[in-house]
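A.B. asks: can you look at this prediction? I've put the sequence above it.
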Amino acid sequence: MANGKYIKNRNEWRKSYPIGIPRRPPVIVTESKIGADGNTYTSTFDLNQVIRHRDVYEILGDTLDISLLLGEYDEDLIHFNNETVKTFNFNFTFSNNPTVVFSQGTAAPADPNTENVNIFGITRTTTGGIVALSAPYSGTIRYRAAYAGSYPSYFTGSVASIAPTAGVFIASVDRKVPNNASFVTSSWAPLASSVPVPFKSPYEDNSNFDGNVALTTKLGTLNSSGEVIEISAHMSSSIYVLAVQ
């Protein structure tokens, strides 16, 4: 027999389940921002229908170019074996004739006292060049070749690079032709550093046979945009400079 308390007022015993989330009244917020073009942009939000609310920001287009534009750069060793002239090739083809400078490398163990030589370029092209020495030499000569559309420019060293041209660096270049002089003032696009490292090489490129000279920086003249180069003998051929920051 049914219990009378379950027969009477059955709605009092019915379980109720809420359907959905109770709807809250909208909370409308309007944001206005002035864009870079001078126009006013308005956005409307219902704060009860967004998870989080933040200020409205204008997303600008490509107004800032953060890409790093690199010039073309190559660096490697030229190996001599009791030789005075050597043809060398770059590791890639430049888009234009680069500035090429040379520096003394390491003499072969069998000839440890042969490093006192003058190094001078003969030719340079987009694929390589010819370098000559004042005396037979066994060992390495390092070349550095750089080209950019404008200077100063960023460059990145090759696998063989050593400081200060290893990794990403900044450099400017210059070419001077002395007028049968024993010194010349070189100038390049200014660098941030007040004491850059200037690599410089004479060239036998004017058929004057006077490229076999030594070059030094005159004391106290090096600055962010140039130097005075002292020449061991009068010359009228080219001097190429790569100034590295």
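C.D. replies: Structure received. Residues are numbered from 1 along each chain as shown.
A.B. asks: just for this structure, where's the confidence low?
C.D. replies: Residues of the chain meeting the criterion pLDDT under 70: 1-25, 27, 29-68, 112-113.
A.B. asks: any idea which residue sits dead centre in it?
C.D. replies: The centroid of the chain falls nearest to Tyr154 when counting by Cα atoms, centre = their mean (2.8 Å).
A.B. asks: now it: which helix or strand?
C.D. replies: strand 153-156 (DSSP states H and E).
A.B. asks: just to revisit the earlier point, could you report the distance from the residue nearest to the centre of the chain to Leu219?
C.D. replies: 30 Å (Cβ to Cβ, to the nearest Å). Where C-beta positions appear, they are placed from N, C-alpha and C, glycine not excepted.
A.B. asks: quick revisit: pretty sure the residue nearest to the centre of the chain contacts Ala146?
C.D. replies: No. If you go by Cβ atoms under 8 Å, Tyr154 and Ala146 don't touch, sitting 10.7 Å apart.
A.B. asks: what do those two both touch?
C.D. replies: Gly71 (Cβ atoms under 8 Å, 6 or more residues apart in numbering).
A.B. asks: thinking again about what came up before, sort out which residues of the strand holding Tyr154 are buried, please.
C.D. replies: Across strand 153-156, burial judged by 16 or more other Cβ atoms under 10 Å covers 153, 155.
A.B. asks: the top strand by length along the chain packs against which elements?
C.D. replies: Determined from DSSP state E, the single longest strand within the chain is strand 128-147. When contacts are defined as 3 or more Cβ pairs under 8 Å, 6 or more residues apart in numbering; DSSP states H and E, strand 128-147 sits against strand 72-89, strand 99-107, strand 119-124.
A.B. asks: so Gln245 sits right up against Thr165, yeah?
C.D. replies: No. Look at Gln245 against Thr165 with Cβ under 8 Å: they stay out of range, at 10.5 Å.
A.B. asks: now the common contact residues for these two.
C.D. replies: Ala171.
A.B. asks: between those two, tell me which one has more neighbours.
C.D. replies: Using other Cβ atoms under 10 Å, the more surrounded residue of Gln245 and Thr165 is Thr165, with 23 against 18.
A.B. asks: next, that one: secondary structure please.
C.D. replies: Applying DSSP: H, G, I helix; E, B strand; the rest coil to Thr165 yields a three-state assignment of coil.
A.B. asks: pretty sure it contacts Phe155?
C.D. replies: Yes. Between Thr165 and Phe155 there is a contact under Cβ under 8 Å: 7.4 Å.
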